[in-house]
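Peer 1: What would the 3D arrangement of this be:
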Amino acid sequence: MVIVVAGKNADTIAPIVYASGASMVVNPEPERGQFSSLQVGLREVLNQGRDAAVVTLVDRPPVSTARSRNSVPRLARDSRWKWAVVPQYEGKHGHPIALAREMMEVFLKAPATASARDIEHQHQEHIEYVDVDELLVTINVNTPEEYVALQSVVRILRD
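Peer 2: Residues are numbered from 1 along each chain as shown. Next comes the predicted model:
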């Protein structure tokens, strides 16, 4: 199940989301920021009866499908203490992250003005950081220039 959290762009992206077989929820107050969108998405995950989720941001390039699929089994192996699995490349944390119900509930109880990074750091004893050899897990793409630079990096990585 893929859930896309939309904001004011919901009407524009809805055809793409639905044509891809995903579902969409709308953040009614996207001006509250990225964390509020995370909370909207996590509420929907729980509403759908799921106990875990793999979360990534829209400004991240896609990483290998195998990397995403391996996070959930790692999370399930010792769910008594592990609330999240976070990839890291050369010590820098990245995405996608796998969240267990416990971490989702911590995120949902936090104020919308909080940041996922701060909450994550407050609960590091419950997070497994996994070293990966994929630089893309740490890259953000916020500008057209960063997108062009990313295309160059992806070409180099594929060669």
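
Peer 1: going forward, measure contacts and count neighbours with C-alpha atoms only.
Peer 2: Noted.

Peer 1: ok, now how distant is residue 37 from residue 131?
Peer 2: With the distance defined as CA to CA, to the nearest Å, residue 37 ends up 27 Å from residue 131.

Peer 1: who has more neighbours, these two?
Peer 2: The neighbour comparison of residue 37 against residue 131 (other CA atoms under 10 Å) goes to residue 37, with 23 against 14.

Peer 1: Go ahead and confirm the more buried one touches residue 3.
Peer 2: No: counting by CA atoms under 8 Å, residue 37 does not reach residue 3; the two are 11.5 Å apart.

Peer 1: what's the span of stretch 2-16, first residue to last?
Peer 2: Calculated as CA to CA, the first-to-last residue distance of stretch 2-16 is 13 Å.

Peer 1: Name the surrounding residues that touch it.
Peer 2: For stretch 2-16, the external contacting residues (CA atoms under 8 Å, 6 or more residues apart in numbering) are 17, 21-30, 37-38, 40-41, 44-45.

Peer 1: In helices, which of those appear?
Peer 2: Members of those lying in helices (criterion: DSSP state H): 17, 37, 38, 40, 41, 44, 45.

Peer 1: With that, I have no additional questions.
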